[in-house]
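Asker: the following comprises the amino acid sequence and a computationally predicted model.
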Amino acid sequence: MAGKMMNNRYMQLSWAMMKTGIIGYGGGPSVIPLIRYEAVTHYKWMEDEEFGEILALANALPGPIATKIAAYLGYREKGTFGAIVSVLAHIIPSGIAMILLLTTVQFLSSAAFIQGMIGAVTPVIAVMLGMMAYEFGERAVKGLGKYVGFGFFAIAFALLQGVHIHPAIVILLFLCYGAFHLRTVAALQRRKQQKQQRSVQKKEGVTRGMD
Amino acid sequence: MEWINLIIGFFIANVLGYGGGPASIPLMYREIVTNHAWTTPMEFSNILALGNALPGPIATKIAAFIGYDVGGWLGLIVALAATIVPSAVALIVLLKVLQKHRQSPIVKGMTLLVQPVIAIMMLLLTWQMAQSSVESIGIIQSLIIAAVAFWAMQFRKIHPAIVIVIAFAYGGLVIPHLHVL
């Protein structure tokens, strides 16, 4: 009977997504390997390559990553309703736990030990945010190169903190430029190569002339 | 009418957060604390701490709590929908239509160029958190806790959730008896 139930795709989807939503500590990105295990290894909804393709596209889009993947897997198996079931199964347990815990904390917020807890955890959060900042910065430097990367850090800092432009506008500006960035780099490199070739040809011409 | 602000706020924060939930944290801070004053900076740090100590995606946990806090169950549904639906629908549509553009240099370049902005926003948020920490427990304790937390997470590779639980334990059991608050 239980086996028959688990053959139902909705049951599979909800169970897989609920499990990954509960086990996955550390936010969306850390849960991806768990979802891959359920989708590819356990339930065999798809091949590893297809999962990789979905992940690549999901990474290129904005928004939380785990819910994007959950929605697509649900949609792929059972259409729109499957997407809804799959996302809800993934987020409801942790969402409810969060509300219960925080409401309790707020209720007790005047108590000295809660004040102490909040005080002690703030520096930890500052460190975690700092480490995340470093990770994002590292990715930027890896992708853009050291000089260009630090140049963009400076521009972003000036716009956000110096001129106080809304972050949404700063991100949109960077996105617009980003659409042309790789093409610009390619064009610059091509020009450089042509120049080098030309100078090599010129030199060769000169030496030949000397002969 | 607060729920319209919830929709707009969580929509903006998540639709601009390239790189998954964590990238949206500074953007959510901006909407939640700076723009709408739904919570204080201290409380946001608290929400982030508990959110990180609990399993599951981070962006939806924050949206669920703020939504519930601001507008009850309707607020919760609205904030969650604004967080999840736009990007989920975008992925489904994009996978159906644009499967061949995955390697597109335009998409790759856009993803790449968002990274420096997010890094700087994270850095500014780190600074704000550090400030509110110093205000609440003083500079010496803040620095010691920060140093221990960094050592534990970066060098000992201890899971952040465990570090957060230990910090909670220290704060609950030790700090009230230090008479620094």
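Answerer: Okay, I see it.
Asker: quick one, longest helix in chain B?
Answerer: Counting by DSSP state H, the longest helix found in chain B is helix B:58-97.
Asker: wondering if that one reaches chain A at all.
Answerer: Yes. Using Cβ under 8 Å from any Cβ of the partner chain, helix B:58-97 reaches chain A at B:58-61, B:64-65, B:68-69, B:76, B:80, B:83-84, B:86-92, B:94-95. For the C-beta atoms, the positions are set from N, CA and C on the backbone; glycine is no exception.
Asker: let me know the average pLDDT across the next helix or strand after that helix.
Answerer: Tracing the chain past helix B:58-97, the next element assigned as helix or strand by DSSP states H and E is helix B:105-137. What helix B:105-137 shows for mean pLDDT is 82.
Asker: now do helix B:105-137 against helix B:58-97, angle only.
Answerer: Interaxial angle, helix B:105-137 versus helix B:58-97 (axes from the mean of the first three to the mean of the last three Cα atoms, to 10 degrees): 180 degrees.
Asker: for the helix or strand that helix B:105-137 is followed by, buried residues please.
Answerer: Going down the chain from helix B:105-137, the next helix or strand is helix B:139-150, by DSSP H and E. Buried residues in helix B:139-150, counted by 16 or more other Cβ atoms under 10 Å in any protein chain shown: B:Gln141, B:Ser142, B:Ile145, B:Ala146, B:Val148, B:Ala149, B:Phe150.
Asker: list the contacts of the most centrally placed residue in chain B.
Answerer: Taking Cα atoms, centre = their mean, the centroid of chain B lies closest to B:Ile25, which sits 3.1 Å from it. Neighbouring residues of B:Ile25 by Cβ atoms under 8 Å, 6 or more residues apart in numbering or on different chains: A:Leu129, A:Met132, B:Gly17, B:Leu48, B:Ile58, B:Ala59, B:Ile62, B:Met122, B:Leu125.
Asker: from the residues you listed, which is closest to A:Ile99?
Answerer: Checking these against A:Ile99 by Cβ to Cβ gives B:Ile62 as the nearest, at 11.1 Å.
Asker: surely that closest one meets B:Leu50?
Answerer: No. In this structure B:Ile62 lies outside contact range of B:Leu50 using Cβ atoms under 8 Å: 9.9 Å.
Asker: in chain A, which ranges drop under the pLDDT threshold?
Answerer: Scanning chain A with the threshold set as pLDDT under 70 gives A:1-7, A:24-30, A:203-211.
Asker: before we move on, the earlier item: look at B:Ile62 and B:Leu50 and report which has more neighbours.
Answerer: Legend: neighbour count by other Cβ atoms under 10 Å in any protein chain shown for B:Ile62 and B:Leu50, higher for B:Ile62 (27 against 21).
Asker: show me what the longest helix of chain B is packed against.
Answerer: helix A:48-60, helix A:65-107, helix B:2-15, helix B:21-29, helix B:41-53 (3 or more Cβ pairs under 8 Å, 6 or more residues apart in numbering or on different chains; DSSP states H and E).
Asker: take those and lay them out in TSV including distance to A:Ile165.
Answerer: Listed next are the helices and strands packed on helix B:58-97 as TSV, based on distance: least, Cβ to Cβ, whole Å:
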stretch	distance to A:Ile165
helix A:48-60	25
helix A:65-107	27
helix B:2-15	14
helix B:21-29	14
helix B:41-53	21
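Asker: mean neighbour count, those helices: which tops it?
Answerer: Counting by mean count of other Cβ atoms under 10 Å in any protein chain shown, helix B:21-29 has the highest mean neighbour count of the helices and strands packed on helix B:58-97, with a mean of 27.
Asker: and it, what's its mean pLDDT?
Answerer: 83.
Asker: report the distance from that helix to the chain centre.
Answerer: Centroid separation between helix B:21-29 and its chain, computed with Cα atoms, centre = their mean, to the nearest Å, is 5 Å.
Asker: ok, now stretch A:125-133?
Answerer: 16 Å.
Asker: before we move on, what about stretch A:35-45?
Answerer: 21 Å.
Asker: same deal with stretch B:73-91?
Answerer: 16 Å.
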